[in-house]
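K.L.:
sequence plus predicted model, see below.
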Amino acid sequence: MALDTADRATLLALRAGVPGGTRSGLSVLEATGRKVISVRVDPDVRRGALSNSDSETVAAAATMALQQRLPLVVMIASSGADVFEGVASLDGWGRAAKAMSSCSGVVPVVVVAYGLALSGPALLLGLADVVVMTADAVAYVSGPAAVAQLTGQQVTSAELGGQGVHARQSGVASLLTADSESALDAVAAVLDYLPDHSDEPPPRCDNFDPVNRETPQLRDLLPASPTGSYDVRRVIEALADDGDLLELRSAWAPQLVTALCRVDGRPVGVVANQPQSMAGTIDIAASQKGANFVAFCDSFNLPLITLVDTPGFMPGKDLEWRGMIRHGAQLVFSYAEATVPRVCLIIRKAFGGAYIVMDSKGMGNDLCLAWPSAQVAVMGAAGAVQILHRREDADTQARLAVDYEESYLNPYVAAERGFVDDVIDPADTRKAVAAALELLSTKRERLASRKHANGPL
């Protein structure tokens, strides 16, 4: 894609006279021809140490992204603030961070970590909508020496902040790649689902996968045992055009799947409980993962599809002490604030508070569908009988559990009360969801005016 005269002038203005190892300007991603504002920190110049002028370049790129209403792509490999400039380099980093923060929710911000990202510059990863990390990337705020001095623990840089750590433990990395070249392909793949800015709809493309395609394979997906597991990605693949999906943060909190895909050419975000991991229960990490993804999709106008199969929140003293209430509320808050079209599909278990936070009717979804296998209740049969009939003998409790399942653990009771809009054949899942998205395509909703929300963090 050729750049027009104005684009070239802006690009040259940003690059001209910039000392150090940071470059920025308008770029075109080769994989898709998509225009972006890019800035790159070069590790070959003073190991990527950010001087005041380098930080000014990052800030200028973020400001340009806002002005031009184009995605911001930051490629970072930095050993931290430049110690030779002292506090001036710290001040510069602060201004760069502020400029990137201003982009949040307005234009997509993607950070590629392709080397060291230490100290302050490491926090720039936390400001991104999507973080791509290469195999050589290492990111941490305090290094191995500081850890050893304070705690006595000896760790390597990779053990402290390598690619695997941020993919599995911290959740910082959204996507992993081998090198910077493949990282740019990953950036292009993500941006392919997103608009240039929040005032545009996401890019819809031609679809050659019939929108009314049946999904009979889903009829046999669920195991016979109510405690059996299955891979919820099979449901997403059946829904998606040509079975294609892009999963973000797949290794972090794997009991919740967050993925981008298309339905009838329309980009959508999918949040799904994963029974293969921890039976699909929700813990702190899963709440944070889901809340961040819902807010991300809502920022850039991607409709949300929520697939529900969860027995509840994960119990545990450690979780409660670490703030399960506060972090669980993050997922509640993100769904409550989301104004994009929202379709919920209950596949199997939808129990207690976890049912509510997974975009239930009470949370404001636009349409709630359910398979005949759906179980919508306060809790499972065994737990309910233990509370209601704990003095009965085992045989009586077993009989009462069967009665409870037949009377309450089905979607029809919820449908009678308006909590489920339709009970559908699993084979009709794709066309039912596609029809719902088409119906909701003209949805417009605005939140009440206020300075900003003060949600749980």
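P.N.:
Great, that's in hand.
K.L.:
my read: residue 91 touches residue 53, true?
P.N.:
No. Here residue 91 does not reach residue 53: they are 11.9 Å apart, not a contact under CB atoms under 8 Å. The C-beta positions use only the backbone N, C-alpha and C, and glycine is treated the same way.
K.L.:
so between the two, which is more surrounded?
P.N.:
residue 53 (17 against 14; other CB atoms under 10 Å).
K.L.:
please identify the helix or strand for the nearest residue to residue 294 once chain neighbours are set aside.
P.N.:
Spatial nearest neighbour of residue 294, chain neighbours left out: residue 334 (4.0 Å); criterion: CB to CB, 6 or more residues apart in numbering. Here residue 334 sits within helix 324-337, counting by DSSP states H and E.
K.L.:
elements contacting that helix?
P.N.:
helix 284-299, helix 352-357 (3 or more CB pairs under 8 Å, 6 or more residues apart in numbering; DSSP states H and E).
K.L.:
try 10 Å
P.N.:
Here helix 324-337 is seen to pack against strand 266-273, helix 284-299, strand 304-310, helix 317-321, helix 352-357 when contacts are counted using 3 or more CB pairs under 10 Å, 6 or more residues apart in numbering; DSSP states H and E.
K.L.:
which of the residues in it are buried?
P.N.:
For helix 324-337, the buried set under the neighbour-count rule, 16 or more other CB atoms under 10 Å, comprises 324, 327, 328, 329, 330, 331, 332, 333, 334, 335, 336.
K.L.:
ok so, going back, out of the helices and strands packed on helix 324-337, nearest to residue 33?
P.N.:
strand 266-273 (17.3 Å; CB to CB).
K.L.:
next, the angle helix 284-299 makes with the closest one.
P.N.:
Strand 266-273 and helix 284-299 are oriented at 160 degrees to each other (axes from the mean of the first three to the mean of the last three CA atoms, to 10 degrees).
K.L.:
packing partners of strand 266-273?
P.N.:
Packed next to strand 266-273, using 3+ CB pairs under 10 Å, 6+ apart, are helix 233-239, strand 245-248, strand 256-263, helix 284-299, strand 304-310, helix 324-337, strand 342-351, helix 429-439.
K.L.:
buried ones in stretch 422-438?
P.N.:
Result for stretch 422-438 [16+ other CB under 10 Å]: buried residues 423-424, 426-437.
K.L.:
would CSV of those with distance to residue 47 be doable?
P.N.:
Below are the buried residues of stretch 422-438 laid out as CSV (distance: CB to CB, whole Å):
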residue, distance to residue 47
423, 60
424, 57
426, 55
427, 58
428, 57
429, 52
430, 51
431, 55
432, 55
433, 49
434, 51
435, 55
436, 52
437, 48
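K.L.:
quick one: residue 240 and residue 157, what's the gap?
P.N.:
38 Å (CB to CB, to the nearest Å).
K.L.:
those two: which is more packed in?
P.N.:
residue 240 (22 against 14).
K.L.:
contacting residues for that one?
P.N.:
The neighbourhood of residue 240, defined by CB atoms under 10 Å, 6 or more residues apart in numbering, consists of 209, 233, 246, 259, 260, 261, 262, 263, 268, 270, 305, 430.
K.L.:
domains in the chain, as residue ranges please.
P.N.:
5-191, 216-374+410-442 (automatic domain parsing).
K.L.:
distance between the ends of the longest one?
P.N.:
Domain 216-374+410-442 has its terminal residues 30 Å apart, counting by CA to CA, to the nearest Å.
K.L.:
that one: how far from the chain's middle?
P.N.:
13 Å (CA atoms, centre = their mean, to the nearest Å).
K.L.:
now the shortest one
P.N.:
For domain 5-191, the distance between its averaged C-alpha position and the chain's averaged C-alpha position is 19 Å (CA atoms, centre = their mean).
K.L.:
hang on, residue 100 in a strand?
P.N.:
No. Assigned with DSSP: H, G, I helix; E, B strand; the rest coil, residue 100 falls outside any strand and is helix.
K.L.:
quick one, which of the domains of the chain is nearest to residue 203?
P.N.:
When the domains of the chain are compared (using CB to CB), the closest one is domain 216-374+410-442, at 7.0 Å.
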